[in-house]
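Q: how would this look folded up:
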Amino acid sequence: MTIDKSLKIKAGAAKTRNVLTRPERLAKLIDEDRWNPGDPVYGIPKVRVVKLAMKKKKKVKKEDEDEK
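A: Numbering: from 1, shown residues only. Take a look at the predicted model:
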């Protein structure tokens with residue numbers, strides 16, 4: 001059964017995921033020098049997922065309004 005278009009969330013894919021795939025975990029571990037080629041692929045350590053929070057932009061007053 002499919003979901004109606006009105007019920008879909010447009011920003012659904014923009015959320016941070018709790019779980020990374022094995023290739024994503026290996027890429028993070030290689031960047032952190034915690035895994036080397038030749039090490040077993042199974043039983044790799046957990047990797048923390050960084051959650052990014054978007055800051056709200058402040059409204060900027062126009063200079064034209066300030067001069068009047």
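Q: Just the pLDDT for the most centrally placed residue in the chain.
A: Most central in the chain under C-alpha atoms, centre = their mean is residue 16, positioned 4.2 Å from the mean C-alpha point. Residue-level confidence at residue 16 comes out at 73, pLDDT.
Q: got it, and the one 10 residues further on?
A: Reported pLDDT at residue 26 in the predicted model: 92.
Q: The one 10 residues further on too?
A: pLDDT, residue 36: 89.
Q: count of residues packed around it?
A: Counted with other C-beta atoms under 10 Å, the neighbours of residue 36 add up to 8. Bear in mind the C-beta positions are built from the backbone N, C-alpha and C, glycine included.
Q: for residue 25, same thing?
A: Residue 25: 18 neighbours (other C-beta under 10 Å).
Q: same thing with the one 4 residues further on?
A: Per other C-beta under 10 Å, the neighbour tally for residue 29 reads 17.
Q: for it, what are its contacts?
A: By C-beta atoms under 8 Å, 6 or more residues apart in numbering, the contact list for residue 29 reads 35, 44-45, 47.
Q: and those, which of them are in helices?
A: Using DSSP state H, no member of these falls in helices.
Q: and the longest helix along the chain, C-alpha only, in CSV?
A: Longest helix of the chain, by residue count under DSSP H: helix 22-31. Taking C-alpha atoms only, helix 22-31 is exported to CSV below (Å, rounded to 0.1, in the frame of the first residue of the first chain):
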residue,chain,number,x,y,z
ARG,A,22,28.8,-1.0,7.3
PRO,A,23,30.6,0.9,4.5
GLU,A,24,29.7,4.3,6.2
ARG,A,25,31.0,2.9,9.6
LEU,A,26,34.2,1.7,8.0
ALA,A,27,34.8,5.1,6.3
LYS,A,28,34.4,6.9,9.6
LEU,A,29,36.7,4.4,11.4
ILE,A,30,39.4,4.8,8.7
ASP,A,31,39.2,8.6,9.1
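Q: If anything else comes up later, I'll come back, but that's it for now.
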